[in-house]
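A.B. asks: everything below, folded, please.
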Amino acid sequence: MYRQVLRVLGGAFLIEEIELATLDAYVERRRGEGKAPSTINRELSVLRHSLHLAARWKTETNLSRYRLTDWEPLRESQGARQAVFLTAEQVARVLGAAHGRASCGGLNERQGEAVIRLALETGARLGEVLGLAWDDLDSKGVTRIRTEKNGPDRWLQLNESTVQLLESFRNQRNGSGLIFPSALTGAQRVDIRRFWHAVRKLANVEHIRFHDLRHTAASEMLRRGFLLREVQYVLGHSSARMTERYAHFAPTFKAPKALSWAVP
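C.D. replies: Next up, the predicted model:
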């Protein structure tokens, strides 16, 4: 990611020359390349960390000032795609399409079905699902999901049918210890993306991203009566604020009333 930042800024760009206009130009270029705000924010957080280090080492770098903290991260409303939530009927079509392809396919297709089911049942991110190891799954079907971003790992009780599907991969174990071993090389992500695109087409939900399965799981948990703090734990959110955007899906949610003013 740091190499990506240098590619855009230029390897010879001096730290002392970085200003808000530099960041604005960086953002415009990356958005012009079709990158999402979340991606751009992560790249600039790397740059921010570099500048913090430079400030600490200012006696060596002769750095006198920088004002990166004045830059405001992009908000999701600034051209970002809004979260999409699948209906129960759409989820059924997705699961049916995934199972249909897996039934007449090989190991990659069965693993593809497992990844989609895990995403819908646990709300885990793709990287977290592909990072599952056999040591994370105990004999009772409880699995540890290693949080991909800031926040603690979490433990979830998987559905019995999903555990059985995962267990069917045990004879494919290798030295990596991963349930989806080719994830180490990146090949698994390519296979999963290809499988997911085929499933989307079969289920007639081609506008749905894989990450929308996470949004769908979160909204459904609240519909079924999970507490907000429970959903926060399941999703691995580091703060309740991140989970609150799903709060309106809870059946107990009541929108507060607007103020009523006496009209003369």
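
A.B. asks: what is the mean pLDDT for stretch 209-218?
C.D. replies: Stretch 209-218 shows a mean pLDDT of 92.

A.B. asks: shaky segments in the stretch 101-250 of the chain?
C.D. replies: 150, 172-176, 182-188 (pLDDT under 70).

A.B. asks: cutoff 50 now
C.D. replies: Applying pLDDT under 50 to the stretch 101-250 of the chain flags the ranges 184.

A.B. asks: show me the helices in it, by range?
C.D. replies: Listed in chain order, the helices of the stretch 101-250 of the chain (DSSP state H, counting those that start in this stretch) span residues 107-122, 126-130, 160-167, 187-203, 212-223, 228-235, 240-243.

A.B. asks: which outside residues touch the last one?
C.D. replies: Right, helix 240-243. Taking contacts as CB atoms under 8 Å, 6 or more residues apart in numbering, the residues outside helix 240-243 that touch it are 218, 228-229, 231-232, 235, 237. C-beta: built from backbone N, CA, C; applies to glycine.

A.B. asks: next, give me the two most distant ones among the residues you listed.
C.D. replies: Largest separation among those by CB to CB: Ala218 and Arg229, giving 13.0 Å.

A.B. asks: measure how buried Arg170 is and give me the count.
C.D. replies: The number of residues packed near Arg170 is 10, by other CB atoms under 10 Å.

A.B. asks: pull the number of nearby residues for the residue nearest to it when sequence neighbours are not counted.
C.D. replies: In space, and not counting its chain neighbours, Arg170 is closest to Trp134: 7.4 Å by CB to CB, 6 or more residues apart in numbering. Neighbourhood size, Trp134 [other CB under 10 Å]: 15.

A.B. asks: please apply the same query to Ser50.
C.D. replies: Neighbours around Ser50, by other CB under 10 Å: 16.

A.B. asks: what separation do you get for the residue nearest to it when sequence neighbours are not counted and Asp138?
C.D. replies: If the residues on either side of it in the chain are set aside, Ser50 comes closest to Tyr2, at 7.3 Å by CB to CB, 6+ apart. Tyr2 is 38 Å from Asp138, where distance means CB to CB, to the nearest Å.

A.B. asks: do the same with Gly123
C.D. replies: Taking CB to CB, one finds Gly123 at 20 Å from Asp138.

A.B. asks: between the two, which is the more surrounded one?
C.D. replies: Neighbours were counted for Gly123 and for Asp138 using other CB under 10 Å; Gly123 has more, 25 against 11.

A.B. asks: any idea how many residues pack against the nearest residue to that one once chain neighbours are set aside?
C.D. replies: Leaving aside its chain neighbours, Gly123 sits nearest to Ala217 (3.6 Å; criterion: CB to CB, 6+ apart). Other residues within reach of Ala217, judged by other CB under 10 Å, total 23.

A.B. asks: residue contacts, Ala217?
C.D. replies: Going by CB under 8 Å, 6+ apart, Ala217 touches 119-123.

A.B. asks: for Ile179, same thing?
C.D. replies: Each residue near Ile179 by CB under 8 Å, 6+ apart is listed here: 132-134, 137, 166, 169.

A.B. asks: ChimeraX command to pick out the buried ones of the residues you listed?
C.D. replies: Burial among those is assessed by 16 or more other CB atoms under 10 Å; the matching ChimeraX selection reads:
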select :132,137,166,169
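
A.B. asks: Serialize the contacts of Ile179 to TSV and add fields for distance to Val94.
C.D. replies: Converted to TSV, the contacts of Ile179 look like this (distance: CB to CB, whole Å):
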residue	distance to Val94
Leu132	20
Ala133	26
Trp134	26
Leu137	24
Leu166	19
Phe169	21
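
A.B. asks: nearest to Arg189 among the contacts of Ile179?
C.D. replies: Using CB to CB, the contacts of Ile179 come closest to Arg189 at Leu132, 13.9 Å.
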